[in-house]
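Q: I would like to see how this sequence folds:
(one chain, ligands or ions: 1)
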Amino acid sequence: MAIRNICLIGDEVLRKKSRPVAEIDARVVSLLDDMAETLHASNGVGLAAPQVGVLRRCVVIDMGTGLMKLVNPEIIDSQGEHIVEEGCLSIPNRRGSVKRPEQVTVRTLDEKGVERLIDAQGELAKCLCHEIDHLDGILFIDRAVKVQEG
Ligand code: NI
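A: Numbering: from 1, shown residues only. Down below sits the predicted model:
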């Protein structure tokens, strides 16, 4: 495992669309492990592969209740709407108020290639939306109704 460099805003890689993972091979397993280590070293809650410069549809999330490794995650249902506050490891020192669904259902593969459905609300729903946006080159500041320093 290794800690990878986190790409910062201004880096073109953050604006590109990531490719789906066709096969969870050793490279993908190692990418997910490195992303988890990088996430924990940064005290973040979520990290998407483009943030470490890799345009593959991989996400790691750890809200303090256990690490989740997601491959090819997609939102298949969402309900409600509310304004939440977000930050991003790729956009230091900025926070924003963003309109997000209150609840989402995400279909994903886990690191073993097993399909999972995640029903999420609150902080986890917010994090899933934020990280899946990264896979399409979308940053929270694009959706923010307000952005502030700090
Ligand atoms: Ni982010």
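
Q: Tell me who's in contact with Asp62.
A: If you count contacts by Cβ atoms under 8 Å, 6 or more residues apart in numbering, Asp62 has them with 36, 39-40, 45-46, 68. C-betas here are computed from N, CA, C, even on glycine.

Q: Got phi/psi on Glu102?
A: Note on Glu102: its backbone torsions stand at phi -80, psi -30 [degrees, to the nearest 10].

Q: Hmm, it is touching Ala125, no?
A: Yes - Glu102 is within contact range of Ala125, at 6.7 Å (criterion: Cβ atoms under 8 Å).

Q: and the contacts of Asp62, which of them are in helices?
A: 36, 39-40 (DSSP state H).

Q: burial measure for Pro73, as a count.
A: Counted with other Cβ atoms under 10 Å, the neighbours of Pro73 add up to 22.

Q: in this structure, which spans are strands?
A: Secondary structure of the chain, counting by DSSP state E: strands at 46-48, 58-62, 67-79, 82-88, 91-100, 103-109, 115-121, 144-149.

Q: Would you mind writing the CA trace of the fifth one as PDB?
A: In this case it means strand 91-100. The C-alpha trace of strand 91-100 is given here as PDB (Å, rounded to 0.1, in the frame of the first residue of the first chain):
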ATOM      1  CA  ILE A  91     -10.200  22.000  -3.000                       C
ATOM      2  CA  PRO A  92      -8.500  23.000   0.200                       C
ATOM      3  CA  ASN A  93      -9.800  25.800   2.400                       C
ATOM      4  CA  ARG A  94     -13.200  26.100   0.700                       C
ATOM      5  CA  ARG A  95     -16.600  25.000   1.800                       C
ATOM      6  CA  GLY A  96     -19.800  25.200   0.000                       C
ATOM      7  CA  SER A  97     -23.600  24.900   0.400                       C
ATOM      8  CA  VAL A  98     -24.800  22.300  -2.100                       C
ATOM      9  CA  LYS A  99     -28.300  21.000  -3.000                       C
ATOM     10  CA  ARG A 100     -28.300  17.300  -2.800                       C
END
